[in-house]
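**Student:** When you get a sec, could you give me coordinates for this:
(4 chains)
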Number of protein chains: 4
Amino acid sequence: MKVLVTGFGPYRDVDRNPSGLVAEQLNGSVIDGYEVLGAVLPVSFRRALELVPMLLLEHRPAVALHLGLSLGAAELRVERVAINLMDSEKGDVDGYRPRDQPIVPGGPAAYFATIPTRRVVEELRGMGIPARLSYSAGTFLCNCVMYISLHTIAANGLNALSGFIHVPCTPELAVKKGSPSMCLHLIKEAVVAAIRVSLRSRNSARVTA
Amino acid sequence: MKVLVTGFGPYRDVDRNPSGLVAEQLNGSVIDGYEVLGAVLPVSFRRALELVPMLLLEHRPAVALHLGLSLGAAELRVERVAINLMDSEKGDVDGYRPRDQPIVPGGPAAYFATIPTRRVVEELRGMGIPARLSYSAGTFLCNCVMYISLHTIAANGLNALSGFIHVPCTPELAVKKGSPSMCLHLIKEAVVAAIRVSLRSRNSARVTA
Amino acid sequence: MKVLVTGFGPYRDVDRNPSGLVAEQLNGSVIDGYEVLGAVLPVSFRRALELVPMLLLEHRPAVALHLGLSLGAAELRVERVAINLMDSEKGDVDGYRPRDQPIVPGGPAAYFATIPTRRVVEELRGMGIPARLSYSAGTFLCNCVMYISLHTIAANGLNALSGFIHVPCTPELAVKKGSPSMCLHLIKEAVVAAIRVSLRSRNSARVTA
Amino acid sequence: MKVLVTGFGPYRDVDRNPSGLVAEQLNGSVIDGYEVLGAVLPVSFRRALELVPMLLLEHRPAVALHLGLSLGAAELRVERVAINLMDSEKGDVDGYRPRDQPIVPGGPAAYFATIPTRRVVEELRGMGIPARLSYSAGTFLCNCVMYISLHTIAANGLNALSGFIHVPCTPELAVKKGSPSMCLHLIKEAVVAAIRVSLRSRNSARVTA
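**Tutor:** Purely as a prediction, here's the structure:
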């Protein structure tokens, strides 16, 4: 079986997005017997809304862990909720600037993450990696990918846990953006740990059920 | 010749102070032909005010680089100025709580760092390590060590450059303190680079003179 | 017809909660022909979950505007979404410390505010009052009141718009808490304006319909 | 006798600088028997360096309180130290961009404020106005005016207390700049109180002496 990890590609002056770098670096690796499918998504509402369902339906992963960059974050932010809203003044790489648009017209206002978010945060902190729960993934691509992933899984009855982690800038990127940072090796280590915790949770749930 | 690197020991719930860890780890290493004397200072006004002059006068280092922890910092802060003031509500490890006391009664209001602070920041940023100039080292031990180092050098006509760098929490410490962080290997790399830049500046100045 | 404005009473060292003060001060006033019913809610999950539905069902207000204090906020935060989650480490005034509990078991994951949040923000900013949209009301009482208000309205088919505004500390409170602040007269002015914009939106919607 | 209050005029998109507004509004008023001379300085190193000494030498005020805007400040910041350094990447209104230049070549590295900074902060906080001590006035015009004021007084043996207070944005300005704010009436009230405390301190010192 597989695990899906997505990150994002370049956006504006962020040419090396750490979320995409981690997805790339984990692609093809094996975590607890699961092959990682790492995919770099374009920062495009339209294309992400096509690609995420396609990846989920084609690969039927056990866990889908989506990553994105949070410029101001000093720690990993494990998102708990995705809302049915797209809003962006600056717009995506296609120049699309949604104003208070639903991601899925008629879809539920929100989905909660199905990965064990609190346990992930506790695991990471226990490893000495700064992490916290977060209750807003914003209204740009990050929230959109998280929402469409959870929606696709719910609407198609897929047996996958899904969640989203916002990652800080790498130090190199932080020099340019004036934001806090975290080394890429630490981000990657955290993502692997989050996948492990999620797989464990999914498999123990199945045994219990 | 020698280079002096000082950091601080434990203080309150900070049992592993990254500034002291770096001083310890660099102790005995050689940078550009200079032996590093790494010293861990107690977070005590009285003892730091004895130890720093003693270290400078005994070892006559070419460069004295003092390190300290800045809980809220997300980047390395290369301090430009130390002021003749001690003030602390929480107090030091001896329980001493100075209120608006001079470090050196009758001493100048301030000293500027003599290491090439701007060049150090540029070098670090060029290496992809977040760093910036800072214009206040506070009123606690960090400022005190920087002031007494610069004062000792000035008052005794020592041929040493002196400066202070505030370092962020390590990730492990940031988990506990809820602050931004930087990996210890990056902090150490930055300190070595700052010493190199300072040595270069000192030696080129001597050649010119 | 009526307008409902709720704020909160004391909590820990916040003895004069600006949200409750505004609700009290507006109680009995008339805005655009609507009488204001101002109510101060206790910072208690259990009691707020009883009182808010009771107030809505008894008074059938045209607009329900709920207020709460946001310690770190420097501007008014007009909340857009309430989630079906209660979580608090410190606990409420009854000592209740929910951990990842639903507010309404089986209820939807979230509700969007039904007051015209974006227009409210634009109106306030046009008046020179700092305000912004917010996408998380947290997991404590503020989010709980917003969720139960929107849920009560939806579940009972009430004809009311509902929303939540987080307000900053007053200057007096900020002295104690070390947070940004806003004068109470400005907060009150903003709340009145938000009610006006909401009433206008509701009434124009009815005309159109 | 007189009291001198200076603020700054427009700079970039800050057309109504609260520091200049307060100086203007206080001009001609009388505080504890002292006439206030309120002056609005241009955001120009060259001209401020001419005007401040001229004002001090001509009017021989008992207290010189200089004000400036701090974009990010949420509270009044009573500055304790001014350093002999001018540095600005963006430059002043004349387009002058000093890089690590001394304000007074050969002047001392720093001056401490001579107004009773700690008592001013305590007084303001007691009045319910957020305020704190600050140990860096930056390297732009604010620090420059504070330094040249203290230097002029010291170099000419004037019998004046001098200090600097950084003030937050007004709410209107904060809408534009996205920063914390404080109502102008509160800032003005604080400045009057700071002058009172300074005058009291000066006069009691003379009585004692």
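**Student:** any weak-confidence spans in chain A?
**Tutor:** Within chain A, the stretches with pLDDT under 70 are A:206-209.
**Student:** Looking at it, which helix is longest?
**Tutor:** helix A:184-208 (DSSP state H).
**Student:** same for that one, what does it pack against?
**Tutor:** Using 3 or more CB pairs under 8 Å, 6 or more residues apart in numbering or on different chains; DSSP states H and E, the elements in contact with helix A:184-208 are strand A:2-8, helix A:18-26, strand A:30-31, strand A:34-41, strand A:63-69, strand A:76-79, helix A:117-126, strand A:161-167. The way it works is simple: take the backbone N, C-alpha and C, and place the C-beta from them, glycine included.
**Student:** May I see the buried residues of that helix?
**Tutor:** For helix A:184-208, burial by neighbour count (16 or more other CB atoms under 10 Å in any protein chain shown) applies to A:184, A:186-199, A:201-202.
**Student:** can the helices and strands packed on helix A:184-208 go into CSV with extra columns for distance to residue C:94 and mean neighbour count?
**Tutor:** Output for the helices and strands packed on helix A:184-208, formatted as CSV (distance: least, CB to CB, whole Å; neighbours: other CB atoms under 10 Å in any protein chain shown):
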stretch, distance to residue C:94, mean neighbour count
strand A:2-8, 43, 26
helix A:18-26, 42, 23
strand A:30-31, 44, 14
strand A:34-41, 45, 19
strand A:63-69, 38, 28
strand A:76-79, 29, 25
helix A:117-126, 23, 19
strand A:161-167, 32, 27
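**Student:** For the ones you listed, please prepare TSV with the additional fields distance to chain B.
**Tutor:** Output for those, formatted as TSV (distance: least, CB to the nearest CB, whole Å):
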stretch	distance to chain B
strand A:2-8	20
helix A:18-26	13
strand A:30-31	21
strand A:34-41	22
strand A:63-69	15
strand A:76-79	10
helix A:117-126	5
strand A:161-167	13
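**Student:** Let me know which of the ones you listed is the nearest to residue A:134.
**Tutor:** Residue A:134 lies closest, by CB to CB, to one member of those: strand A:76-79, at 3.8 Å.
**Student:** Restrict the closest one to CA atoms and write it as PDB.
**Tutor:** Only the C-alpha atoms of strand A:76-79 are listed here, as PDB (Å, rounded to 0.1, in the frame of the first residue of the first chain):
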ATOM      1  CA  LEU A  76       5.100  22.800  12.400                       C
ATOM      2  CA  ARG A  77       1.400  23.500  12.500                       C
ATOM      3  CA  VAL A  78      -0.800  20.400  12.300                       C
ATOM      4  CA  GLU A  79      -4.000  21.700  10.900                       C
END
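**Student:** From the chain's centre, how far out is that strand? Work that out for me.
**Tutor:** In terms of CA atoms, centre = their mean, to the nearest Å, the centre of strand A:76-79 is set 9 Å apart from its chain centre.
**Student:** what's the spacing between the most centrally placed residue in chain A and chain D?
**Tutor:** Geometric centre of chain A, nearest residue: residue A:66, 2.0 Å, by CA atoms, centre = their mean. Per CB to the nearest CB, to the nearest Å, residue A:66 is found 29 Å from chain D.
**Student:** Now do the same contact list for that residue.
**Tutor:** By CB atoms under 8 Å, 6 or more residues apart in numbering or on different chains, the residues touching residue A:66 are A:5-7, A:52, A:142, A:145-146, A:149, A:162-165.
**Student:** And residue A:163, by the same measure?
**Tutor:** By CB under 8 Å, 6+ apart, the contact set of residue A:163 is A:64-66, A:78-79, A:113-115, A:117, A:120, A:146, A:194, A:198.
**Student:** what bridges to it?
**Tutor:** With DSSP bridges applied, residue A:163 shows beta-bridge pairing to residue A:65.
**Student:** ok, it to residue A:5 distance?
**Tutor:** Residue A:163 sits 11 Å away from residue A:5, going by CB to CB, to the nearest Å.
**Student:** And for the longest helix of chain A, what's in contact with it?
**Tutor:** Contacts for helix A:184-208 (CB under 8 Å, 6+ apart): A:3, A:5, A:18, A:21-22, A:25-26, A:31-32, A:34, A:36, A:62-63, A:65, A:67, A:76, A:78, A:115-116, A:119-120, A:123-124, A:127, A:129, A:131, A:161, A:163, A:165, A:167-168, A:170, B:171, B:183.
**Student:** how does it look with 6 Å?
**Tutor:** Applying CB atoms under 6 Å, 6 or more residues apart in numbering or on different chains, the contact partners of helix A:184-208 are A:3, A:18, A:22, A:31-32, A:62-63, A:65, A:76, A:115-116, A:119-120, A:123-124, A:129, A:161, A:167, A:170.
**Student:** try stretch A:116-135
**Tutor:** A:75-81, A:186, A:190, A:193-194, A:197, A:201, B:171-172, B:174-175, B:181, C:136.
**Student:** Swap in 8 Å and give it another go.
**Tutor:** Applying CB under 8 Å, 6+ apart, the contact partners of stretch A:116-135 are A:74-81, A:161, A:163, A:165-166, A:182, A:186, A:189-190, A:193-194, A:196-198, A:201, B:171-172, B:174-175, B:181, C:83, C:100, C:136, C:138-139.
**Student:** which neighbours do residue A:163 and residue A:5 share?
**Tutor:** With CB under 8 Å, 6+ apart, residue A:163 and residue A:5 have common neighbours A:65-66.
**Student:** thinking again about what came up before, tell me the angle the longest helix of chain A makes with helix B:184-208.
**Tutor:** 180 degrees (axes from the mean of the first three to the mean of the last three CA atoms, to 10 degrees).
**Student:** And residue A:5, how close does it get to residue C:83?
**Tutor:** Counting by CB to CB, the gap from residue A:5 to residue C:83 is 26 Å.
**Student:** nope, residue A:34 is what I meant
**Tutor:** 30 Å.
**Student:** repeat for residue A:3
**Tutor:** Taken as CB to CB, the span from residue A:3 to residue C:83 is 27 Å.
**Student:** can you check residue A:114 too?
**Tutor:** Distance from residue A:114 to residue C:83, counting by CB to CB: 15 Å.
**Student:** now swap in residue A:39 and tell me
**Tutor:** For residue A:39, the distance to residue C:83 - CB to CB - is 28 Å.
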